[in-house]
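A.B. asks: only geometry, no sequence info:
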């Protein structure tokens, strides 16, 4: 075999890598990882070893391997990967299909659980195409979603970071409420499960309009402080403010109106009549 220049071998490796990607091979495939590594190495002017060069040349001569497994199933898998990648959606499902593709391509055995999971994911792709997964909330459910989006802002950053699935659902719901895109029942249930306790507090508030409560305030004169209790009256029903807190606007003794978290305001016990 005639000697190849480094530039020729690098070009052939790049063209082969493009062909692998076009054939549906993902980043997890050994051949893709090998070619990517070698191309990166050559781009940094680090020439591969003789064994690595021989392997690259043999792969170029061989071309893209011929599938040994179910061709129709591979076509469905590739269609699902392409669809979800373009839509930037269902990252988990997409990664599962990519991981399983090599086993199907080589006709390796799949366990019963793997077969069921793959069939469920392929069906999910079909449902995405037909719109079967689209969820149309009732007016009450839509109102709940609007409240849940507001409540999300009241959670600490760490809480949000520890729940990436909730964060993704929030993005989808916000777009949907703004008139862009669709949601699934999964997104509705995800937010309800994560923030249902607070949503119930909004629906069953501690205070409604005209209810009276008491607020304990601290006053400091020099280094010492005293506490006093002020009777306040709710002038609004409970709502979620811009910071994601649940509370009411209360009329203070001074005549001003201030927002207080519901848990900050105490109940006034009614005396039993004689």
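C.D. replies: Everything's here; your move. This structure is a prediction, so every number in the text was calculated from the model and none was measured.
A.B. asks: Spit out the contact partners of residue 23.
C.D. replies: Contact partners of residue 23, counting by C-beta atoms under 8 Å, 6 or more residues apart in numbering, are residue 64. All C-beta atoms are positioned from the backbone trio N, CA, C, and that covers glycine.
A.B. asks: my bad, residue 102
C.D. replies: Counting by C-beta under 8 Å, 6+ apart, residue 102 touches 26, 28-29, 108.
A.B. asks: in what helix or strand does it lie?
C.D. replies: helix 91-105 (DSSP states H and E).
A.B. asks: immediately after that helix, which helix or strand?
C.D. replies: helix 112-130.
A.B. asks: quick one: average pLDDT of that next one?
C.D. replies: The predicted model gives helix 112-130 an average pLDDT of 94.
A.B. asks: tell me the angle it makes with helix 91-105.
C.D. replies: Counting by axes from the mean of the first three to the mean of the last three C-alpha atoms, to 10 degrees, helix 112-130 lies at 120 degrees to helix 91-105.
A.B. asks: Sticking with residue 40, tell me its helix or strand.
C.D. replies: helix 30-43.
A.B. asks: Check which helices and strands that helix sits against.
C.D. replies: helix 6-22, helix 50-62 (3 or more C-beta pairs under 8 Å, 6 or more residues apart in numbering; DSSP states H and E).
A.B. asks: and it, which residues are buried?
C.D. replies: Using 16 or more other C-beta atoms under 10 Å as the test for burial, helix 30-43 gives 31-32, 34-35, 38-39, 42.
A.B. asks: Out of those, the closest to residue 21 would be?
C.D. replies: Distance to residue 21, by C-beta to C-beta, is smallest for residue 32 among the buried residues of helix 30-43, at 7.3 Å.
A.B. asks: Do I have it right that the closest one meets residue 19?
C.D. replies: No. Counting by C-beta atoms under 8 Å, residue 32 stays clear of residue 19, with 10.6 Å between them.
A.B. asks: Can you say which of the contacts of residue 102 are buried?
C.D. replies: Buried among the contacts of residue 102 (16+ other C-beta under 10 Å): 26, 29.
A.B. asks: List the contacts of the lowest-mean-pLDDT helix or strand in the chain.
C.D. replies: Lowest mean confidence among the helices and strands of the chain (mean pLDDT, DSSP states H and E): strand 212-221, at a mean of 83. Contacts with strand 212-221, where a contact means C-beta under 8 Å, 6+ apart, come from 206-207, 225-234, 250, 260, 264-268.
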